[in-house]
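Enquirer: Give me coordinates for this.
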Amino acid sequence: MESTHLKVRIARRVVEATDIVSLELAPLEGHSLPPFSAGSHIDVEIRPGLVRQYSLCNDPTESHRYLIAVLRDPASRGGSIAVHDVLAEGQIIQISAPRNHFPLVQAKRSLLFAGGIGVTPILCMAERLAQMGADFEMHYCARSSDRAAFIERVQQSGFADRVHFHFDDGDASQKLNLAAVLDAASADAHLYVCGPGGFIDFVTQGARSRNWGSDRIHYEYFAGQKVDASADDEFEVKLASSGKIVKVPASKTVVTALREAGVNVEVSCEQGVCGTCLTRVLDGEPDHRDNYFTDEEKAANDQFLPCCSRAKSRLLVLDL
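Expert: Numbers count the residues shown, from 1 in each chain. You can find the predicted model right below:
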């Protein structure tokens, strides 16, 4: 867990859709919750040693609660299933203070794309944009209506007429026509997308193929990308503070190799998504395998995430 941590009570647990539950987290008596902005997430300690990140999906002006929603995903590493099976109303759990790696930026028009459970930060953004009187539209894609959380909340909102639902099992007329949506957007519009990796890639690649600049494309992955590790080789990392050199075998992550050498790097998701383990690179070329940095940040090669990324050079000198 991050050093800034809070204890909260699960005040309410609601089944929002098939395989999706929401948890309303309230501060303990005498305590308060730090403010947050649209796009923020928190670390949740589901049980000792099991920490996962979840986007906040309530109105950012609310100070009395945090709301998260979690999809039961059989392919996950255990976090989502544990949330569904272990966490219950009344339970006291530990969370981090909110962090935001997916913030709204000022734009004349915003296009919001939500895929499945990716609606959590996107809905929060829609509510914030509506409060600001900003120009936006939201596209919510899901396998079916019964697998789409917060439909009623959207339909009862003041911006319901700006939200378009697209269901895989619906008729062709309501399917998302991404090309038409992007082509109709002005040259100064920004887009935000969250959901499964394939959905994010579909939207972002569609935008890039229409010459949208990377500064106008904003996204957040929930899970790390799959990487072919068959050609991975051994390399070394050097700790700038001591000069100590640690070998990183093909079968181990940098974080694991450092831990075994007595050097602890704080981690959370261990999938290259949250940024907790961000480490400065003073020399050498990282092999970036994260879904955290922008393309420009990766190209600078002055920082990397040792939980998942490796090295293209034989040696990385780290600011540790």
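Enquirer: pLDDT weak spots in this structure?
Expert: 1-4, 75-78, 223-227 (pLDDT under 70).
Enquirer: would you list every one of the helices in the chain?
Expert: 79-86, 119-132, 151-155, 178-184, 197-208, 254-260, 295-300 (DSSP state H).
Enquirer: Can you tell me the closest non-neighbouring residue to C269?
Expert: Q53 (5.6 Å; CB to CB, 6 or more residues apart in numbering). (Each C-beta comes from the backbone N, C-alpha and C, glycine too.)
Enquirer: circling back: looking at the helices of the chain, spot the one closest to D283.
Expert: D283 lies closest to helix 295-300 among those, at 13.4 Å (CB to CB).
Enquirer: out of the helices of the chain, deepest packed?
Expert: Counting by mean count of other CB atoms under 10 Å, helix 119-132 has the highest mean neighbour count of the helices of the chain, with a mean of 23.
Enquirer: Would you format the helices of the chain as CSV with distance to L278 included?
Expert: Formatted as CSV, those follow (distance: least, CB to CB, whole Å):
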stretch, distance to L278
helix 79-86, 21
helix 119-132, 20
helix 151-155, 34
helix 178-184, 32
helix 197-208, 21
helix 254-260, 12
helix 295-300, 10
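Enquirer: Against A11, how distant is I46?
Expert: Separation of I46 from A11 (CB to CB, to the nearest Å) stands at 17 Å.
Enquirer: ok, back up a step: wait, which of the helices of the chain is closest to C269?
Expert: Between C269 and the helices of the chain, the shortest gap by CB to CB is with helix 79-86, which sits at 9.2 Å.
Enquirer: and the gap between the closest residue to E234 other than its chain neighbours and F235?
Expert: Excluding the flanking residues, the one nearest E234 by CB to CB, 6+ apart is P249, at 5.3 Å. As for P249, its distance to F235 is 9 Å (criterion: CB to CB).
Enquirer: Comparing the two, which shows the higher neighbour count?
Expert: F235 (21 against 12; other CB atoms under 10 Å).
Enquirer: what sits opposite the more buried one in the beta ladder?
Expert: Beta-bridge partners recorded for F235 (DSSP bridges): V248.
Enquirer: show me what contacts it?
Expert: F235 makes contact with K247, V248, R310, A311, S313, R314, L315, L316 under the criterion CB atoms under 8 Å, 6 or more residues apart in numbering.
Enquirer: List the contacts of S80.
Expert: Per CB under 8 Å, 6+ apart, neighbours of S80: R52, V70, L71, R72, D73.
Enquirer: again, 10 Å this time
Expert: 19-21, 46, 52, 54, 70-74, 117, 222 (CB atoms under 10 Å, 6 or more residues apart in numbering).
Enquirer: What count of nearby residues applies to the nearest residue to it once chain neighbours are set aside?
Expert: Once flanking residues are discounted, S80 sits nearest to D73: 4.6 Å by CB to CB, 6+ apart. Residues contacting D73 under the criterion other CB under 10 Å number 18.
Enquirer: again, but for C308
Expert: 25.
Enquirer: Scan this structure for its longest strand.
Expert: Counting residues, the longest strand found in the chain (DSSP state E) is strand 5-17.
Enquirer: what comes up buried for that one?
Expert: Neighbour-count burial for strand 5-17 flags L6, V8, R9, I10, A11, R13, E16, A17 (criterion: 16 or more other CB atoms under 10 Å).
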